[in-house]
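K.L.:
here's my sequence, what's the structure:
(4 chains)
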Number of protein chains: 2
Amino acid sequence: MSDVAEYTEIMPLQRVPLPASGHSPLAPSVPARPAARCSTCSLRSICMPQGLTPAELERMESLMCVSRTIKQGESLYRANDSFQSIYAVRAGSFKTVVMHRDGREQVTGFHLAGDSLGLDGVCSGKHSCDAIAIEDSNVCIIPFHLLEVMCREVKVVQQHVHRLMGGEIVREATLMMLLGTMSAEQRVAAFLLNLSGRLKTRGYSPATFNLRMTREEIGSYLGMKLETVSRMFSKFQKDGLVDTHGKQIRILDLEGLARV
Amino acid sequence: MSDVAEYTEIMPLQRVPLPASGHSPLAPSVPARPAARCSTCSLRSICMPQGLTPAELERMESLMCVSRTIKQGESLYRANDSFQSIYAVRAGSFKTVVMHRDGREQVTGFHLAGDSLGLDGVCSGKHSCDAIAIEDSNVCIIPFHLLEVMCREVKVVQQHVHRLMGGEIVREATLMMLLGTMSAEQRVAAFLLNLSGRLKTRGYSPATFNLRMTREEIGSYLGMKLETVSRMFSKFQKDGLVDTHGKQIRILDLEGLARV
DNA sequence: ACATCGGCTTGATATGAGTCAATCGCAACG
DNA sequence: CGTTGCGATTGACTCATATCAAGCCGATGT
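P.N.:
Residues are numbered from 1 along each chain as shown, chains lettered A, B, ... in the order given. Take a look at the predicted model:
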């Protein structure tokens, strides 16, 4: 099995393809440390605007003051925390969850390496959901007020931030559509296709990967119970669309899934 | 019945305080005409940032070049239209709908006077949904590239735009939660409460109002069928929580609804 | 090798919401 | 004034998904 085929294989913190420069500044067990250099980060094309001059890139880097490591199950921020920064996932993955008073909660998103995190706090100045690492993870921290300053000075940065927020709006609208109009089967198919596509843009195999989230988390995200998720996986298995062994997923028939 | 009590009574197009300035340089068949003055607009507190200097306010006005009238059932923009401007609803109301290939569609939002509209296009440069007037309506047109220029020059404008987009993100996350975890009864209750609250901030009665949307549109928004919406209204009626006659709504027990 | 535990699968049954269909109310119109 | 038509309501029945329950699988620790 190819190394690149599994993002679980290639993504654990220890093996994150950090700047090939070799001298990993990773200090185990410290919560924060100097940020990596964007200029050599393999995720730059995903989380930074194109077309920055070297000087501007330099400034962007200087504003991302630190990175932070979050262990599996720990939170990056919680609902009602004051909003100071947005985050770029550098390694690992997160879920964002909103909590209802009565204890029910719903997963509102999964965020892979290269995704941004934290924009939910922009409106009110307080975060509106919890962001929890679903594996050991690492994020770059971008103080939002500094980013706003930068936005006022560099047009492409402004456009990038607007695109980031706009993308979040579209992503959520898509999910609403999914929750509002699709059957359980279609939702799970859409979920797998979405994940597959995102892994592909990150250079991983779109067909073979490991889920980092549990059936329960997937169900919460898709508005159904974990048993239903499981049944749908079994159904796809029977229909020859995917091959699942617990969290290992191999998509056998991408078109077939899309047709569902 | 008090005039202010019904937003259907106070909002008809004919009574919008348009400026009489007259000479429209634009298409004669009335799709557009000079914008009203923000400085005298009763919705300013909702759609404009606080704390602008008079000069800045002047500039904001100059950038909102025209307003446009849309008749009931017509669209302000459609999915895949190129994204040029965002809009502020000046009078009337809109629904935004996303269309699935197979023809199914879902309402993703209702936008009342004072709401913004069109941010769904920021990310890709194309609109991702249709915006359709659900009554005769009127919008201010704000060219987005000019707004971006303004954002770079005036901090409060930038913050306002960020808040606008952030608010949209939070609004959608709330709706996802609703679609993902709540029963039909709870959804309808939440819908009424939300509408009630928004009317209240606009100075209308939070208890007595007319729905401008059909049961089917409400159902589509809430992820259920129109019959179910109707049954829930009947149930609330029976429980003494609301008093409905078709589109006329009177909320009798706000707390009771919230408890659902 | 064994015990344990969390996560996953599968089956039997219950139920909330969808579907289909009949009827009603009301506004618009000839 | 009756007709038409759209939207809303209501009832009977169906079906997808939730719920409850039992057992399985694989990782982990002893």
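
K.L.:
only C-alpha atoms from now on, for both contacts and neighbour counts.
P.N.:
Will do.

K.L.:
residue A:197 should be in a helix, yeah?
P.N.:
Yes: the assignment for residue A:197 is a helix, going by DSSP: H, G, I helix; E, B strand; the rest coil.

K.L.:
distance of it relative to residue A:258?
P.N.:
Distance of residue A:197 to residue A:258, given as C-alpha to C-alpha, to the nearest Å: 12 Å.

K.L.:
have a look at those two and say which one is more surrounded.
P.N.:
residue A:197 (16 against 12; other C-alpha atoms under 10 Å in any protein chain shown).

K.L.:
surely residue A:249 touches residue A:209?
P.N.:
Yes: in this structure, residue A:249 is within contact of residue A:209 by C-alpha atoms under 8 Å, at 5.4 Å.

K.L.:
looking at the two, which one has more neighbours?
P.N.:
Higher neighbour count among residue A:249 and residue A:209: residue A:209, with 23 against 18, using other C-alpha under 10 Å.

K.L.:
distance of the more buried one relative to residue B:250?
P.N.:
53 Å.

K.L.:
which residues in chain A form helices?
P.N.:
Taking DSSP state H to define them, one finds helices in chain A at A:7-10, A:44-47, A:54-63, A:144-153, A:155-181, A:184-201, A:215-222, A:226-238, A:254-259.

K.L.:
take the ones you listed and write them to CSV, including mean pLDDT and distance to DNA strand C.
P.N.:
Below are the helices of chain A laid out as CSV (pLDDT from 0 to 100; distance: least, C-alpha to the nearest atom of the strand, whole Å):
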stretch, mean pLDDT, distance to DNA strand C
helix A:7-10, 39, 14
helix A:44-47, 81, 28
helix A:54-63, 85, 37
helix A:144-153, 94, 33
helix A:155-181, 95, 8
helix A:184-201, 96, 12
helix A:215-222, 97, 4
helix A:226-238, 97, 4
helix A:254-259, 94, 17
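
K.L.:
so which of these gets nearest residue B:50?
P.N.:
Closest to residue B:50 of these is helix A:144-153 (C-alpha to C-alpha; 18.0 Å).

K.L.:
indicate whether the closest one makes contact with chain B.
P.N.:
Yes: part of helix A:144-153 sits near chain B under the criterion C-alpha under 8 Å from any C-alpha of the partner chain, namely A:148, A:151, A:152, A:153.

K.L.:
and those residues, which is closest to residue B:241?
P.N.:
When the residues of helix A:144-153 next to chain B are compared for distance to residue B:241 (C-alpha to C-alpha), residue A:148 wins out at 45.9 Å.

K.L.:
what's around that closest one, how many residues?
P.N.:
Residue A:148: 20 neighbours (other C-alpha under 10 Å).

K.L.:
centroid residue for chain A?
P.N.:
residue A:111 (1.5 Å; C-alpha atoms, centre = their mean).

K.L.:
most widely separated two among the residues of helix A:144-153 next to chain B?
P.N.:
The span of those, defined through C-alpha to C-alpha, is set by A:148 and A:153 at 8.8 Å.

K.L.:
got the contact list for residue A:253?
P.N.:
A:240, A:241, A:242 (C-alpha atoms under 8 Å, 6 or more residues apart in numbering or on different chains).

K.L.:
mark which of those residues are buried, thanks.
P.N.:
Buried subset of the contacts of residue A:253 (neighbour count, 16 or more other C-alpha atoms under 10 Å in any protein chain shown): A:241, A:242.

K.L.:
count of residues packed around the residue lying closest to residue A:212 once chain neighbours are set aside?
P.N.:
Once flanking residues are discounted, residue A:212 sits nearest to residue A:134: 6.6 Å by C-alpha to C-alpha, 6 or more residues apart in numbering or on different chains. For residue A:134, the count of nearby residues is 23 (other C-alpha under 10 Å).

K.L.:
what residues are up against residue A:134?
P.N.:
A:72, A:73, A:92, A:93, A:94, A:95, A:212, A:213.

K.L.:
of those, closest to chain B?
P.N.:
residue A:95 (13.4 Å; C-alpha to the nearest C-alpha).

K.L.:
so the closest one is in contact with residue A:113, correct?
P.N.:
No: if you go by C-alpha under 8 Å, residue A:95 and residue A:113 don't touch, sitting 11.9 Å apart.

K.L.:
from residue A:116, how far out is the residue nearest to residue A:178 when sequence neighbours are not counted?
P.N.:
Nearest non-adjacent residue to residue A:178, counting by C-alpha to C-alpha, 6+ apart: residue A:187, 6.3 Å away. Using C-alpha to C-alpha, one gets 23 Å for the distance from residue A:187 to residue A:116.
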